[in-house]
Every structure is written in C-alpha cells, then in structure tokens.
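Peer 1: This is a predicted model, with the sequence first.
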Number of protein chains: 2
Amino acid sequence: MIKIVILGAGNIAQHLYKVFQTTETLHVVQVYNRSAEALSYFKNTATTTNLKNLAEADIYIIAVADDAITSIANKLPFTNRLVVHTSGNVSMHELHKKNRRGVFYPLQTFTKDVTVNFSQIPICLETGEKSDFKILKTIADAIGSTSYKISSEQRRALHVSAVFVNNFSNHLYRIAHEICETNNVPFEILSPLIQETAKKITTLTPYMAQTGPAKRGDQQTIENHLEKLDKDIHKEIYTLLTQSIAKTYGREKL
Amino acid sequence: MIKIVILGAGNIAQHLYKVFQTTETLHVVQVYNRSAEALSYFKNTATTTNLKNLAEADIYIIAVADDAITSIANKLPFTNRLVVHTSGNVSMHELHKKNRRGVFYPLQTFTKDVTVNFSQIPICLETGEKSDFKILKTIADAIGSTSYKISSEQRRALHVSAVFVNNFSNHLYRIAHEICETNNVPFEILSPLIQETAKKITTLTPYMAQTGPAKRGDQQTIENHLEKLDKDIHKEIYTLLTQSIAKTYGREKL
C-alpha cells in the first residue's frame, strides 16, 4: 500500500484522485487545497486547507498551476520526504531541495468531467534519487499507464512538442471549422480525415505520411487555395506551413 | 446493376475499383489508362489504352490527376452520357458540357497499398442534372459511404480545409518528431495525445476543445517554449499559430 497526499484540487488532481481510487495498492490519505470549496469533490477522503496539517505519506503529489508549484514546495513543513509535481514545463529543480524530489507528468490533455483512460496515457517519470524511481514506477503501473524515464530537459522538449501536436493541430481544426461555416458545409465531413491523419502516424513516420500540394510542389493548387481563403491570418498560416513543408521535401522555390 | 468505366489507374482508381468489386450492384466493365503498364492492377476486367474503344456504361468515372481531367473529358468520343470526376479541387464545369456532368469526391487521404474502409469515408456528390444525382447516391450507398450534396464552391472550401486538418496537422506532427529526435525522446510518447486531440472534436467543437498557453495568455510558458526551439522556422510557426489562437480568444496582446 502506497500512501499518497495530493496537493491541489483542479483537473489533474481530480483525475489522479479518481484513478487512484480504482486501485487496491494506492491510498490517497489526504487532499490539500488552499481554498475549501474546491475540496468538496474529494468525498470519503480527509482534506485540509492548512499545509501545517499535512498527513504523513510515502509521496506528496503537487498538482497545481505551474507558477504555484515552487511556492507550495517551499512551504512544506517537513524534510527528506518524496515530493513530486505533475507539470510538463517545470524543472524538477524548482522543487525545494529540503525534500527528495521527482516528477510524475501524465502527457495528455485533460478536460474537466471527461473521464480519461490512464492505460492510454504515457507518464514521464523523473527522480532526484535513484531509489525513489521505483515508487513512481509502481504508481504508474498500478493505474495501467506506460511510463518513461524522462529528464527535465527532455520533458521540456516534450511539452513544446505537445503544443504543436495538440494546441496547434486543434487550432488548424478550428480554422477548417471557420472555413466550413463560411461556406455552409458541415464540419463533420472532415472528421474521418482528421481521425485518419492522426491514426496514420502510428504506422508511418509523419515524414512518410505527408501528402498534399506543398509536398508535390503543386503551385496551381496552392494559388487556388489562397484565393479561396478570406481571412488574412488564414492566408499567412497557409503560406508559412506550405513553405515549411516545401522546405522539408527540398522544394525551396514555392 | 450499374455499369461503370473507370478512367485512370492511380491511387483513387485502384481504391474505387477494389471497393466496387466487393458489391453485387456495381460492375466495372472497363478500365482505361493512357499507358498499358499501370493497367496490370485491374485483373479480370477489360482494359484499354484508347479512348475510342471505351465501352458503353451508365457512368464514366475520371480518376486522374487534376490537371489531366479536362483534357480527357474533352476527348471522350460520345455525348450525353454521365461523366464524373473524383477531385476535390476541380469545378464540375471543367468537364466538357457535351456530356452530363457530375462529381464523386471521396474526402479522405489515400495511401497506396493501405486498404481504406469506405464506410468511414464521406463522399461529396454533385451533378449538373438533378436526375443524375440518384445514380451517384446509389453508388455511394453501395460501398457503404455517407454522402453529401456539395456544390463546386463548397467542395473547394472543403479541399482547402482538408489541407489544414490533414497536410498541415501532419506537418506539425513532423515538427514534433524533429524536436523529439533532437532531444532523444521517443516520438511514440506523443501518439496518445495526437489520437485524443483528433477524437475530441467528435464531441466538442475545436473552439471549445482548445487548451494551452496561447489560449490562457500564459506569456511565461510561451517564452520558455520559444527558447527551447532550435530552428527558426519552428519559432516562426510557433509564434504565428500562438498569435492566431490568442486572437481567437480575444487576447490581442500576446
């Protein structure tokens, strides 16, 4: 049995709490949050709004906004315990060194009220002391996640990569949605193509999977497309991504 | 029984041929291609390299490169028959008006040798004469596809939208792949996130699904990400898409 204290009550805190409850080996002994209201989610578990009252546990998981991590870690009223955060973009070393430090970063997009399947979520693990790695690995295993040993610098690279594949791809979907609306076409027509594009990279590298006018160097189609776009920002994005693809495939001239 | 002649021997021609063979109501009576070699794929079916020898059929499906469509349509040695093309980016009116015209455009990314499931492919239909719509609808139904009545202008909008969600998203995956390689991180870690991002838009609009620093106006994370990117073109793309997201959510200042 691993005794866990969760610090924070937001999205990730809730998702971790929920999945820990489904296991027989992970026991959340307490949830801390600065304000009491948010703690109502954590039924059947002791809660506190005072860091001084933190319970004894094997691991303290700080699941709060990036800019609040250091301040909470600094205020912890104990030393030499295992304290980890769950952020993709914060170095492990921003946790105070009075405790043993680590990172437990689930690489996924969490939406409130949407259940997530942790067996589909890779978890990036890092610890300051080698002997602490095992407990993080045990937690990841218990919730069915695949885990990877990832350094703070690697995690930072993953975090910016995630912005490209998640935030930016979604924004491209949004632009397509706008174009469809302007032209009275149901956006749902594009859904199978979106799913297939994502699925393709599980069997082909993105480099191999690339298709389209920019790769072919099909200037006529590119001009036709630019003409069809109404918004300047859409034209700019189209032009820049087309140039980048063309460059990738050695078509410098487009 | 609907008698079909396919003109062309490339990717789409092959995929349509294959799926038509699986039905009991669609009969490919002949495949035409300018060069004979490519015709070897179409076993058990009459083939020709001479437009003058085209067989009699209910519908002629031109599945060739965009810039060859008009020239083939012009050369057809008959009139008043139903002739359609399969392109997302060519107006129906580029087919010669001596025949009845239409479009049968499957909106999907086709890869050679990768079997496609037509029940997952939306087909955009258009006909010059109302009475011809039924035969296109019957063909789409026979192969299990959902079909939509889409005008040439709407199809053009869909085609450019498809570039955003397919070609451009895939290029973002490619950039993430590069960043991962530079930092010795396995790209596969990002695959669940990529799948989830695509899946999300089947239940939320892309507008609602958006997350990330650009939407939050989190300048600190944005600067941190830009610092981590090595290539200028990656920085440019990051900056432009971040600006576009910020604008979408009313954060003009980023």
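Peer 2: That came in fine, so what should we check first?
Peer 1: which stretches of chain A form strands?
Peer 2: For chain A, the strands defined by DSSP state E cover A:2-7, A:26-32, A:47-48, A:59-62, A:82-85, A:100-106, A:123-127, A:147-149.
Peer 1: Give me the contact list for the fourth one.
Peer 2: Translated: strand A:59-62. A:2-8, A:16, A:54, A:69, A:72-73, A:76, A:81-86, A:95, A:99, A:104, A:135-136, A:139 (C-beta atoms under 8 Å, 6 or more residues apart in numbering or on different chains). Yep, even glycine has a C-beta here, placed from its N, CA and C like the rest.
Peer 1: ranges for the helices of the stretch 51-200 of chain A?
Peer 2: Secondary structure of the stretch 51-200 of chain A (DSSP state H, counting those that start in this stretch): helices at A:69-75, A:133-142, A:152-162, A:169-182, A:191-200.
Peer 1: Tell me which of the ones you listed sits nearest to B:Ile175.
Peer 2: Nearest to B:Ile175, of all the helices of the stretch 51-200 of chain A, is helix A:152-162, at 7.9 Å by C-beta to C-beta.
Peer 1: what mean pLDDT would you report for that closest one?
Peer 2: Across helix A:152-162, pLDDT averages out at 96.
Peer 1: what's the answer for stretch A:31-49, then?
Peer 2: 94.
Peer 1: Any chance of a markdown table for the helices of the stretch 51-200 of chain A, columns mean neighbour count?
Peer 2: Below are these laid out as a markdown table (neighbours: other C-beta atoms under 10 Å in any protein chain shown):
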| stretch | mean neighbour count |
| --- | --- |
| helix A:69-75 | 16 |
| helix A:133-142 | 18 |
| helix A:152-162 | 22 |
| helix A:169-182 | 22 |
| helix A:191-200 | 21 |
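Peer 1: thinking again about what came up before, please render the strands of chain A as a markdown table that adds mean neighbour count to the earlier fields.
Peer 2: Listed next are the strands of chain A as a markdown table, based on neighbours: other C-beta under 10 Å:
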| stretch | mean neighbour count |
| --- | --- |
| strand A:2-7 | 22 |
| strand A:26-32 | 20 |
| strand A:47-48 | 18 |
| strand A:59-62 | 24 |
| strand A:82-85 | 26 |
| strand A:100-106 | 23 |
| strand A:123-127 | 23 |
| strand A:147-149 | 18 |
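Peer 1: Can I get the ones you listed in a markdown table including distance to B:Thr197?
Peer 2: Conversion of the strands of chain A to a markdown table gives the following (distance: least, C-beta to C-beta, whole Å):
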| stretch | distance to B:Thr197 |
| --- | --- |
| strand A:2-7 | 26 |
| strand A:26-32 | 28 |
| strand A:47-48 | 33 |
| strand A:59-62 | 25 |
| strand A:82-85 | 24 |
| strand A:100-106 | 15 |
| strand A:123-127 | 18 |
| strand A:147-149 | 20 |
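Peer 1: Can you say which of these is nearest to B:Thr248?
Peer 2: Nearest of the strands of chain A (C-beta to C-beta): strand A:100-106, 26.7 Å.
Peer 1: Any residue of that closest one touching chain B?
Peer 2: No. Figure legend: strand A:100-106 not in contact with chain B (C-beta under 8 Å from any C-beta of the partner chain); closest approach 9.9 Å.
Peer 1: so what strands line up beside that strand?
Peer 2: Strand A:100-106 sits in its sheet next to strand A:82-85 (parallel), strand A:123-127 (antiparallel), going by DSSP bridges.
Peer 1: And for the first one, what's in contact with it?
Peer 2: This points to strand A:82-85. For strand A:82-85, contacts defined as C-beta under 8 Å, 6+ apart pick out A:58-63, A:69, A:73, A:76, A:92, A:94-96, A:99-105, A:127, A:132, A:135-136.
Peer 1: for stretch A:179-190, same thing?
Peer 2: Residues from elsewhere that reach stretch A:179-190 (C-beta under 8 Å, 6+ apart): A:173, A:176-177, A:229-230, A:234, B:107, B:122, B:124, B:148, B:150, B:153-154, B:157-158, B:160-162, B:164-165, B:205.
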